[in-house]
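Student: Would you be able to build a 3D model of this:
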Amino acid sequence: MYSPRNLGTTDSRLILTLIRPQRRPDDLDAIEAMVARAFADHGGTEAFKSFRAERNDIISLVAEQQGQIVGTVLFSPVVLDTPDGSVSGMGLGQLAVEPDHQNQGIGSQLSEAGLKLL
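Tutor: Have a look, this model is predicted:
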C-alpha cells in the first residue's frame, strides 16, 4: 500500500510511503536500529527483535520511504481472561516511527493497515 506525503508548504516534493509486511532478511536489523532511536528516551525495546524473528503468528508491518524503514507496527496474539471465559484476539504490541518522521501520520497508516489484516 502506497500513501503520498507532502513535505510541507514550501517543499513541493511528494514522498511515497510504502506499508508492507516485514519479511526481508535485512528488515530486522533496520527495525532494531530505528526502534532504538524512536525509544532512546525509554530504554529501547530489545525484546521485540527476537519476538519478530521467532514468531510466525504475528502481523509485522513496516513503513518505507525512499528505500528506508521509517516505521513499524507489530500485532501479536493475546488471550484475555474474562468472567465469561477466555477471549482470544490480537494486540498492538509495538508501534514505532523514526523521530524525524513522527507527527506525519505514519504511525496511523501502519495501525490502520494492520487492523485491516486482522
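Student: chain center to stretch 16-36, what's the gap?
Tutor: In terms of C-alpha atoms, centre = their mean, to the nearest Å, the centre of stretch 16-36 is found 8 Å from the chain centre.
Student: likewise stretch 65-79?
Tutor: 2 Å.
Student: At which residues are the strands of this protein located?
Tutor: 2-6, 14-21, 59-65, 68-82, 85-97 (DSSP state E).
Student: Tell me which of those is the most buried.
Tutor: strand 59-65 (a mean of 21; mean count of other C-beta atoms under 10 Å). (Each C-beta comes from the backbone N, C-alpha and C, glycine too.)
Student: packing partners for that one?
Tutor: Using 3 or more C-beta pairs under 8 Å, 6 or more residues apart in numbering; DSSP states H and E, the elements in contact with strand 59-65 are strand 14-21, helix 27-38, strand 68-82, helix 106-117.
Student: what about 10 Å?
Tutor: Applying 3 or more C-beta pairs under 10 Å, 6 or more residues apart in numbering; DSSP states H and E, we find strand 59-65 packed against strand 2-6, strand 14-21, helix 27-38, helix 47-54, strand 68-82, strand 85-97, helix 106-117.
Student: can you list these in CSV and add mean pLDDT and distance to residue 61?
Tutor: Converted to CSV, those look like this (pLDDT from 0 to 100; distance: least, C-beta to C-beta, whole Å):
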stretch, mean pLDDT, distance to residue 61
strand 2-6, 50, 12
strand 14-21, 89, 6
helix 27-38, 87, 10
helix 47-54, 67, 11
strand 68-82, 92, 5
strand 85-97, 91, 10
helix 106-117, 94, 6
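Student: In TSV: the ones you listed, plus distance to residue 62.
Tutor: Below are those laid out as TSV (distance: least, C-beta to C-beta, whole Å):
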stretch	distance to residue 62
strand 2-6	13
strand 14-21	6
helix 27-38	6
helix 47-54	10
strand 68-82	5
strand 85-97	10
helix 106-117	8
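Student: mind listing what the residue lying closest to residue 101 once chain neighbours are set aside touches?
Tutor: Once flanking residues are discounted, residue 101 sits nearest to residue 70: 4.5 Å by C-beta to C-beta, 6 or more residues apart in numbering. Going by C-beta atoms under 10 Å, 6 or more residues apart in numbering, residue 70 touches 15, 17-18, 30, 34, 38, 62-64, 96-98, 100-102, 104, 106, 110.
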